[in-house]
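Enquirer: no FASTA, just this:
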C-alpha cells in the first residue's frame, strides 16, 4: 500500500438522499479506481466524489481500495457506546404535549433514538428543547432541506443574542445528534465550529460562611442536607437519590450510584455528619431514600 495515497469517507446528503462522500488529493490511480465504483458523481458544493450510501457500496469501496489506498473512516464510522444507566426515562412527556399551532415538534425518530440510547432525563430535555429551537428557526423549510449553511446561520443568531458558549455548544450537540445518531451519519457536520470554552474562576464561599449556614439550619434534616452537600461534596441530584443502604457507617463512606457520566463513585462521610444522620433517622424514620418527602418518596 502506498502510504502517501489516501481517501477520507464522509456522510453527505444530496437531493434528500444519503451519499458516501470520497475526498482525496488529485491522483490518477485514485481517480481511476473511483470511476469503477457504482455510478460515481462529483459534488462541486463539497468538492468530492460521491456514491449512494448503501452497505453494498461501502463494501465495494473497501474491496476496491483495500491494499492499494489507505481508507480513513474516522469521520464516517462511530463506536460510541449506548448509555447503560438504569434510570427511568420520560420521553413520553414530549409525545403527550398539546400541539401548538405553527410550532414544529421534535420528530418521533429523534425521541425514539434518545430512548434507545438511554440518555439521562436532563440530556433528553436539553436535546429536545434545542433541536426544536433549531427547526422552528426555519419554519419555512423542510427538515431535510437544511444544510451546513443553515446551521451556521442559526448558531450565528444565538451568538448575536449574546448567548453563552455553553448555550451554543448545547445547541450544536442537539443538532448533531439528529444527523449523526438519528439519520446514522456520524461526524456529518464535523466541520461546524464550536465557540471556545470559557474559563472562569468559580465563586466560592469561605469555610466560616459554610459553618455559619450549618449552624443556622432550621432543623436536623436541613442540617444533614447541608453537611452532605458541603462535607461529602455531593451534587444536588446525587443527594436526592441517596438510599439508606448507600451510607456505610463502618467504612465512613457514601456510595453514589449513577453519578455524572452514569458512573458510580464513593465519597467520604464525616463523623459529625454521621452523628447528625443518626439523630435525623430517629426523628424522621425514612424508609427507602435517605431524604424523603410525602408518601415515602424522595424529596
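Expert: Here it is on my side, so go on. Note that the coordinates shown come from a computational prediction; the quantities given were computed from them, not determined experimentally.
Enquirer: where does residue 97 fall, phi/psi-wise?
Expert: phi -60, psi 140 (degrees, to the nearest 10).
Enquirer: count of neighbours near it?
Expert: 10 (other Cβ atoms under 10 Å). Quick note: C-beta positions are derived from backbone N, CA and C, even for glycine.
Enquirer: Hmm, it is touching residue 105, no?
Expert: Yes - with contacts counted by Cβ atoms under 8 Å, residue 97 reaches residue 105, the gap being 7.0 Å.
Enquirer: which other helices and strands contact the helix or strand hosting residue 31?
Expert: Secondary structure from DSSP states H and E places residue 31 in helix 28-35. Helix 28-35 makes packing contacts with strand 17-24 when contacts are defined by 3 or more Cβ pairs under 8 Å, 6 or more residues apart in numbering; DSSP states H and E.
Enquirer: Next, the contact list for the residue nearest to residue 249 when sequence neighbours are not counted, please.
Expert: Closest residue to residue 249 apart from its sequence neighbours, by Cβ to Cβ, 6 or more residues apart in numbering: residue 274 at 5.8 Å. The neighbours of residue 274, taking Cβ atoms under 8 Å, 6 or more residues apart in numbering as the test, are 247, 249, 252.
Enquirer: Which ones among the residues you listed map onto strands?
Expert: residue 247 (DSSP state E).
Enquirer: Can you select the buried ones among the contacts of residue 274 for me in PyMOL?
Expert: Buried residues within the contacts of residue 274, by 16 or more other Cβ atoms under 10 Å, are selected in PyMOL with:
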select buried, resi 247
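Enquirer: Next up, the contacts around residue 239.
Expert: Residue 239 neighbours (Cβ under 8 Å, 6+ apart): 225, 228-229, 291.
Enquirer: what do you get for residue 7?
Expert: 22-24, 30, 65, 69-72.
Enquirer: Neighbours of residue 162, how many?
Expert: Applying other Cβ under 10 Å, we find 7 residues neighbouring residue 162.
Enquirer: again but with residue 124, I slipped
Expert: When neighbours are defined as other Cβ under 10 Å, residue 124 has 21 of them.
Enquirer: hang on, it packs against residue 112?
Expert: No - taking contacts as Cβ under 8 Å, residue 124 lies outside contact range of residue 112: 11.7 Å.
Enquirer: ok, back up a step: confirm the residue nearest to residue 249 sits in a helix?
Expert: Yes - assessed with DSSP: H, G, I helix; E, B strand; the rest coil, residue 274 lies in a helix.
Enquirer: any idea how far residue 159 is from it?
Expert: Per Cβ to Cβ, to the nearest Å, residue 274 is found 49 Å from residue 159.
Enquirer: So which bits of the worst-scoring helix or strand of the chain on mean pLDDT are buried?
Expert: The helix or strand of the chain with the lowest confidence, counting by mean pLDDT, DSSP states H and E, is helix 92-95 at a mean of 79. Across helix 92-95, burial judged by 16+ other Cβ under 10 Å covers residue 94.
Enquirer: What are the contacting residues of that helix?
Expert: By Cβ under 8 Å, 6+ apart, helix 92-95 touches 105-106, 108, 111, 124, 128.
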